[in-house]
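Asker: show me how the following folds:
(one chain, ligands or ions: 1)
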Amino acid sequence: MSSFWNSCLSQFEQELPLQQFNTWIRPLRLEGEDDINNGLRLIAPNGFILKWVKERYLSRIEDLGRAYFDAPVSIALTLGSSKPAAPPRPPARPAAPAPAADPSPPVPPPALRASSNPYEKTRLINSFTFDNLVVGKANDLARAAAMQVAQNPGGAYNPLFIYGGAGLGKTHLIHAIGNAILAQQPDKVVRYVHAEDYYSDVVRAYQQKSFDVFKRYYRSLDVLLVDDVQFFNGKNRTQEEFFYAFNALIEARKQIVISCDTYPKDISGLEDRLITRFDWGLTVQIEPPETEMRVAILKKKAEAEGVALSDEVAFVIAKHLRSNVRELEGALKKVLAYSSFHGREIELDLAKEALKDVIGAVNRQITVENIQKTVADYYKIKVADLFSPKRTRAIARPRQVAMWLAKDLTAHSYPMIGDAFGGRDHTTVLHAVRTIDSLRTKDNELNHDLHVLLQVLKG
Ligand SMILES: Nc1ncnc2c1ncn2[C@@H]1O[C@H](COP(=O)(O)OP(=O)(O)OP(=O)(O)O)[C@@H](O)[C@H]1O
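Answerer: As a prediction, the model looks like this:
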């Protein structure tokens with residue numbers, strides 16, 4: 001087994017960046033007899049490494065074992081306290097002492113629960129990472145700021161305040177910060193807390209008279225990630241506690257990241273002194289994603305489910321669900337479920353059937369503006385290009401397509417359509433309609449584009 005493990009080590013050394021190899025693989029220790037029948041027994045020095053290796057690398061070790069021995073090898077990964085082979089890394093900060101005995105509480109307050117597993121303490125969702133966050137105009141600033149904070153916690157922007165509407169990826173982003181910090185510096189004490197849970201912690205501390213423990217815990221953190229801070233609305237004691245924790249952490253150059261559904265000054269029911277402080281560092285917004293980004297998000301989410309989603313299907317879904325990524329994900333799940341339930345390929349008609357309700361709920365009125373926007377999105381050009389005098393093919397053809405669709409789907413006359421396209425003459429529209437009518441019988445690609453656009457516009 002030791003020779004297998006040595007070969008595993010050199011394989012990982014080649015496959016992983018050095019930092020990751022040193023952080024996750026090198027600290028593992030081989031234990032037990034050198035006998036294949038016992039399988040491979042590995043000891044991880046702490047719960048965090050144990051969990052990370054289990055999630056990320058265990059299946060790779062199994063593959064390497066299968067290739068090395070020509071047979072499956074059992075691999076046991078456990079937590080060990082005996083001397084590690086590599087020099088021990090600085091211990092994680094000791095957990096806060098448990099609160100005074102109380103026979104009544106059903107569950108100990110999460111923040112105060114002593115746990116040997118620092119990951120559990122962090123409350124981080126490890127699938128929310130920078131890697132699987134799709135970037136676009138809507139979030140590039142917020143993401144760049146978040147990455148800076150992750151690289152230099154306490155030293156970049158403090159606090160980092162991220163705001164935006166529901167379901168736009170704020171929670172994802174703040175977890176990504178926490179996960180990235182821990183991946184680089186596993187000894188950092190990172191804690192994600194939803195504002196409602198922070199409030200519950202305050203209430204419990206109050207009931208159990210354990211404010212000292214509560215305060216000590218929150219002030220001992222290196223990184224505090226507070227989600228949906230608008231929930232502090234009207235909760236005075238919570239705001240007061242948070243105010244002191246905030247001051248203590250900032251003074252100690254510990255990182256605070258806050259998410260909220262609005263800009264600090266617009267948060268209702270919040271003390272001015274907190275609002276002012278929220279603006280001390282950097283405030284960044286996440287906006288609703290534009291169509292292209294929604295398409296990219298859908299494709300990425302589908303890929304994570306092992307499904308290759310075609311551009312057309314992604315476009316149809318993205319076109320109908322505009323405001324919110326969570327809804328977008330819901331629609332994708334519906335389409336995937338519908339396809340596996342009916343045992344059918346995921347193509348345009350299936351997606352439309354699966355999303356009948358959603359699509360039906362969207363306003364079906366077709367306007368020239370709507371057509372222009374949809375065509376511009378589809379061909380990845382600007383709406384303004386459709387009005388412009390530009391005659392390059394990349395612009396002229398989509399413009400003709402848009403005119404053709406306007407004639408087909410609205411009751412507008414040729415002159416009205418000409419007007420809507422930057423004051424063009426009605427003969428230009430007539431020419432466009434005839435050109436597209438004749439081309440679509442010979443040009444499969446164009447015909448396909450028209451098919452998709454008609455489906456999208458008609459719902
Ligand atoms: N840019 C993106 N790339 C990939 N996934 C995204 C992106 N934006 C949002 N999501 C996904 O959308 C879902 C909703 O995002 P999230 O929970 O982070 O939103 P939120 O802004 O915190 O919403 P709320 O204010 O309701 O809490 C998550 O599953 C998240 O992974």
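
Asker: now Glu329: how far from the ligand?
Answerer: Distance, Glu329 to the ligand, using Cβ to the nearest ligand atom, to the nearest Å: 6 Å. Every residue, glycine included, has its C-beta placed from N, CA and C.

Asker: that residue: how many residues sit nearby?
Answerer: 15 (other Cβ atoms under 10 Å).

Asker: what does Ser3 give?
Answerer: For Ser3, using other Cβ under 10 Å, the count is 9.

Asker: got the contact list for the helix or strand harbouring it?
Answerer: Using DSSP states H and E, the element containing Ser3 is helix 2-15. Helix 2-15 is contacted by residues 21, 25-26, 30, 34, 40, 42, 57, 60-61, 64-65, 68-69, 73 when judged by Cβ atoms under 8 Å, 6 or more residues apart in numbering.

Asker: would you pull up the residue in this structure closest to the ligand?
Answerer: In the chain, the residue that lies nearest the ligand is Gly169 (2.6 Å; Cβ to the nearest ligand atom).

Asker: spit out the contact partners of Leu160.
Answerer: Per Cβ under 8 Å, 6+ apart, neighbours of Leu160: Ala145, Ala146, Val149, Ile177, Gln255, Ile256, Val257, Ile258, Gly281, Leu282, Val284.

Asker: tell me the phi and psi of it?
Answerer: Torsion angles at Leu160 (phi, psi; degrees, to the nearest 10) stand at phi -100, psi 120.

Asker: local confidence estimate at Arg277?
Answerer: What the model reports as pLDDT for Arg277 is 94.

Asker: just Arg364 next, same as before
Answerer: For Arg364, the model assigns a pLDDT of 59.

Asker: what do you get for Asp35?
Answerer: 65.

Asker: surely Pro72 and Gly65 touch.
Answerer: Yes - counting by Cβ atoms under 8 Å, Pro72 does reach Gly65; the two are 7.1 Å apart.

Asker: which of the two has more residues huddled nearby?
Answerer: Shown here are Pro72 and Gly65; by other Cβ under 10 Å, Gly65 has more neighbours (23 against 11).

Asker: right, and that one touches Leu58 too?
Answerer: No - with contact defined as Cβ under 8 Å, Gly65 does not count as touching Leu58 (10.4 Å).

Asker: list residues touching both of these two?
Answerer: Taking Cβ under 8 Å, 6+ apart as the criterion, Gly65 and Leu58 both touch Ile75.

Asker: among the contacts of helix 2-15, which one sits closest to Asp425?
Answerer: Nearest to Asp425 among the contacts of helix 2-15: Arg60, at 65.0 Å, using Cβ to Cβ.

Asker: mind listing what the closest one touches?
Answerer: Applying Cβ under 8 Å, 6+ apart to Arg60 gives the contacts Phe12, Glu15.

Asker: pLDDT of the strand or helix carrying it, averaged?
Answerer: Element membership of Arg60, judged by DSSP H and E, is helix 58-69. In this model, helix 58-69 has an average pLDDT of 85.

Asker: what's the offset of it from the middle of its chain?
Answerer: 31 Å (Cα atoms, centre = their mean, to the nearest Å).
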